[in-house]
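# My questions concern the predicted model and sequence given below.
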Amino acid sequence: MVANIRYEDIVKVPKALLHDHLDGGLRPATIVELAAEVGHELPATDPEELGRWFVGAADSGSLERYLETFAHTVAVMQTASGLRRVARECALDLAADGVVYAEVRFAPEQHLERDLTLDEVVESVLGGFAEGSAEAAEAGNPIRVGTLLTAMRHAARSQEIAELAVRHRDAGVVGFDIAGAEAGFPPTRHLDAFEYLQRENFHFTIHAGEAFGLPSIWQAIQWCGADRLGHGVRIVDDISTEGPEPVLGRLAAYVRDKRIPLELCPSSNVQTGAAASIAEHPIGLLRDLRFRVTLNTDNRLMSGTSMSREMALLVDAFGYGWAELRWLTINAMKSAFIPFDERLKIIDEVIKPAYAPLLRD
Ligand SMILES: O=c1[nH]cnc2c1ncn2[C@@H]1O[C@H](CO)[C@@H](O)[C@H]1O
Ligand SMILES: [Zn+2]
């Protein structure tokens, strides 16, 4: 019930997040400080104003223009200390928002402008996550952070990045992804990397079905073998809602039958024009049809959002109650890239006990 759910209670309840970009979640004040250190010019130097600038500039109606804003975050993430700081603060901010499990992604190849190697970039970020998680636990907000390494889909380093991910799999890298402008850069350009990862029994998700439709989703699943879909929201193009009951096409049916997780990011989709508004976002239909829907932030800085805020938006738009928020959280935890027994432990020992008293009310 909408009226019964208070924002501060959403913050308290355990949440799981699968799709969050490290370079899309910096604190504005940190950007200002790091930019001064490295001599990068920003569109604003007052943190509040800068925060508003990011949201406004990302509110562009196009994925390509939305992605231009990352120039200012990536610019201040070129040193070991900068990367470590950003990762530490990311873990702290997510934990303070009640996120108990997060998979955070970034593209190591974008952090080589100074003198770091790919391995040093990854080690700095993993170090920052470990530091932030330890501090969060001490403060009473335990969080587990898994890292996903992203390759940029317009570039040609995916095989190298896939090998980098596998190299660091026992140190906290739990998966691989491709991101960047989708139109014109189909996932099959990176087939070698995906085949390599499958041979290594590794996990990967692919940004697909955000700015481009069904062919991208079809390739991601049926050619590349993606475990999950980054966004995947355009799967609704294969669902007809003309008649009395929705009718699923073959691809939509396959995605639902196989329980392929959709990493949906409502606020981000509204900004890039993939959805007209939260109320009209396909998450409502996809949940009703019982797809494996998960709720995500994508880029907290560019969307001025958090996991709690995304949940609150759904509570307002669709009248979701604790049962729906629990369902989204358990879906995400079931779809995580950490081992099955570890996922189950978080579901049984952290998530279910916290939601149980809320569902009884
Ligand atoms: O929603 C998105 N769709 C596609 N690419 C994205 C999205 N959000 C961020 N990035 C891209 O991923 C890189 C690594 O984190 C970011 O630098 C940005 O270019
Ligand atoms: Zn994304």
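Yep, it's here. Ligands and ions are numbered 1, 2, ... in the order given.

# chain center to the helix or strand bottoming out on mean pLDDT in the chain: distance?
Averaged element by element with mean pLDDT, DSSP states H and E, the chain has its least confident helix or strand at helix 63-68 (a mean of 93). Helix 63-68 sits 16 Å away from the centroid of its parent chain (C-alpha atoms, centre = their mean, to the nearest Å).

# Contacts made by that helix with the rest, please.
57-58, 60, 180-183, 210-211, 268, 271-274, 302 (C-beta atoms under 8 Å, 6 or more residues apart in numbering). Yep, even glycine has a C-beta here, placed from its N, CA and C like the rest.

# Just the buried ones out of those residues, please.
For those, a burial check counting by 16 or more other C-beta atoms under 10 Å picks out 57-58, 60, 180-182, 210-211, 268, 271-272, 274, 302.

# Could you tell me how many residues sit around residue 290?
10 (other C-beta atoms under 10 Å).

# Quick check, it in contact with residue 259.
No. Look at residue 290 against residue 259 with C-beta atoms under 8 Å: they stay out of range, at 9.6 Å.

# Need the residues touching each of these two.
With C-beta under 8 Å, 6+ apart, residue 290 and residue 259 have no common neighbours.

# ok, now which ones touch the nearest residue to residue 266 once chain neighbours are set aside?
Nearest non-adjacent residue to residue 266, counting by C-beta to C-beta, 6 or more residues apart in numbering: residue 281, 4.8 Å away. For residue 281, the residues meeting the contact criterion (C-beta under 8 Å, 6+ apart) are 233, 264, 266, 269, 270, 275, 317.

# three-state assignment of residue 344?
helix (DSSP: H, G, I helix; E, B strand; the rest coil).

# Does residue 55 fall in a helix, a strand, or a coil region?
Under three-state DSSP, residue 55 comes out as helix.

# if I look at it, how far off is ligand 1?
14 Å (C-beta to the nearest ligand atom, to the nearest Å).

# My read is that that residue contacts residue 299, right?
No. Taking contacts as C-beta under 8 Å, residue 55 lies outside contact range of residue 299: 9.9 Å.

# What segments of this structure are strands?
Taking DSSP state E to define them, one finds strands in the chain at 15-21, 99-106, 144-152, 173-179, 205-208, 228-231, 239-240, 247-248, 262-264, 293-295.

# Need those in JSON lines (columns: distance to ligand 1 and mean pLDDT).
Formatted as JSON lines, the strands of the chain follow (distance: least, C-beta to the nearest ligand atom, whole Å; pLDDT from 0 to 100):
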{"stretch": "strand 15-21", "distance to ligand 1": "4", "mean pLDDT": "99"}
{"stretch": "strand 99-106", "distance to ligand 1": "5", "mean pLDDT": "99"}
{"stretch": "strand 144-152", "distance to ligand 1": "5", "mean pLDDT": "98"}
{"stretch": "strand 173-179", "distance to ligand 1": "3", "mean pLDDT": "99"}
{"stretch": "strand 205-208", "distance to ligand 1": "5", "mean pLDDT": "98"}
{"stretch": "strand 228-231", "distance to ligand 1": "7", "mean pLDDT": "98"}
{"stretch": "strand 239-240", "distance to ligand 1": "22", "mean pLDDT": "98"}
{"stretch": "strand 247-248", "distance to ligand 1": "25", "mean pLDDT": "98"}
{"stretch": "strand 262-264", "distance to ligand 1": "10", "mean pLDDT": "98"}
{"stretch": "strand 293-295", "distance to ligand 1": "14", "mean pLDDT": "98"}
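
# what sits opposite the closest residue to residue 148 other than its chain neighbours in the beta ladder?
For residue 148, ignoring the flanking residues on the chain, the nearest one in space by C-beta to C-beta, 6+ apart is residue 105 at 3.8 Å. Beta-bridge pairing for residue 105 (DSSP bridges): residue 21, residue 148.

# for residue 105, what are its contacts?
19, 20, 21, 22, 147, 148, 149, 150, 177, 179.

# same question, residue 50
Contacts of residue 50 by C-beta under 8 Å, 6+ apart are 28, 31, 32, 42, 43, 44.

# which among those end up buried?
Buried, going by 16+ other C-beta under 10 Å: 28, 31, 32, 42, 44, out of the contacts of residue 50.

# May I have the phi/psi pair for the last one?
Which is residue 44. phi -160, psi 150 (degrees, to the nearest 10).
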